[in-house]
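Q: Take a look and give me a structure for this.
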Amino acid sequence: MVGRTAKYSDQHILDAALAVVAAGGPGGASVVAIAKHLGAPSGSVYHRFASRDLILATLWTRTVRRFQEGFLAALDNPAPLAAARAAVAHVLTWSAAHAAEAKLLTLYRREDLIALWPEELGEDLATLNDGVKGAVIAFAAAHFGSVDNSTLGRAQFALIDIPYAAARRIIDSGDRAPGLEEAVVAASLAALGATGTES
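A: Residues are numbered from 1 along each chain as shown. Sure, this is the predicted structure:
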């Protein structure tokens, strides 16, 4: 006998949670509110997620991976400086275009979630940043010609630390100041020892 297909999948629940977060912030994302948005009884949500905190933690993980897709695609350019420009721009553009998701990303740290949800999220969180780490290493090798603590540190600072700090400003203030993207890209290129005119 074939079992009945679940009406509400994990992804449906996460989509509903994101909609609730977008409408009222993470604080308003209770299981009752998520279930109401989904049009489901609360029991259907609890059947898949033990708590509201686990829903948000799982949503956080999904959001990180979705953000990383664009970041990694940008860094896949064989021209290192073009890749750097695109990756830095992606951080800012994505943060401005996905305000609710970007705000959600500021709520947690991967290490904290691993400690809180080792069975539910541990395996996924353990590999969460592997793609980005590999891409930064590949970038350092392509741009600097070698991979060591110095070149990796500069690549990390230029591609992650600088744009993330600017993105946090966008997230906290909701304001993407005119010329911000150009200024941040220029700062990242300078950290790489390049100028805005180099290819």
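Q: Alpha carbons of stretch 9-29, in PDB - could you do that?
A: Provided in PDB are the C-alpha atoms of stretch 9-29 (Å, rounded to 0.1, in the frame of the first residue of the first chain):
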ATOM      1  CA  SER A   9       6.900  19.600   2.900                       C
ATOM      2  CA  ASP A  10       9.800  21.000   4.800                       C
ATOM      3  CA  GLN A  11      10.300  23.500   2.000                       C
ATOM      4  CA  HIS A  12       6.700  24.700   2.100                       C
ATOM      5  CA  ILE A  13       7.100  25.300   5.900                       C
ATOM      6  CA  LEU A  14      10.400  27.100   5.300                       C
ATOM      7  CA  ASP A  15       8.900  29.300   2.600                       C
ATOM      8  CA  ALA A  16       6.000  30.200   5.000                       C
ATOM      9  CA  ALA A  17       8.500  31.000   7.700                       C
ATOM     10  CA  LEU A  18      10.400  33.300   5.400                       C
ATOM     11  CA  ALA A  19       7.200  35.100   4.400                       C
ATOM     12  CA  VAL A  20       6.400  35.600   8.100                       C
ATOM     13  CA  VAL A  21       9.900  36.800   8.800                       C
ATOM     14  CA  ALA A  22       9.600  39.200   5.900                       C
ATOM     15  CA  ALA A  23       6.300  40.600   7.100                       C
ATOM     16  CA  GLY A  24       7.100  41.000  10.800                       C
ATOM     17  CA  GLY A  25      10.700  40.100  11.500                       C
ATOM     18  CA  PRO A  26      12.100  36.900  13.100                       C
ATOM     19  CA  GLY A  27      10.400  37.700  16.400                       C
ATOM     20  CA  GLY A  28       7.000  37.200  14.900                       C
ATOM     21  CA  ALA A  29       7.800  33.800  13.300                       C
END
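Q: hmm, who's touching it?
A: For stretch 9-29, contacts defined as C-beta atoms under 8 Å, 6 or more residues apart in numbering pick out 33-35, 37-38, 45, 48-49, 52, 55-56, 58-59, 62-63, 99-101, 103-104, 107. Backbone N, C-alpha and C define where each C-beta goes, glycine included.
Q: got the buried residues for it?
A: 12-21, 26, 29 (16 or more other C-beta atoms under 10 Å).
Q: For those, work out which two are farthest apart.
A: Using C-beta to C-beta, the two most remote members of the buried residues of stretch 9-29 are H12 and P26, lying 19.0 Å apart.
Q: Which positions within the strand or helix carrying K133 qualify as buried?
A: K133 is part of helix 130-144, with elements assigned from DSSP states H and E. By neighbour count on 16+ other C-beta under 10 Å, the buried set for helix 130-144 is 132, 135-136, 138-140, 142-144.
Q: Could you tell me which other helices and strands that helix packs against?
A: Contacts defined by 3 or more C-beta pairs under 8 Å, 6 or more residues apart in numbering; DSSP states H and E place helix 130-144 against helix 52-75, helix 80-97, helix 149-156.
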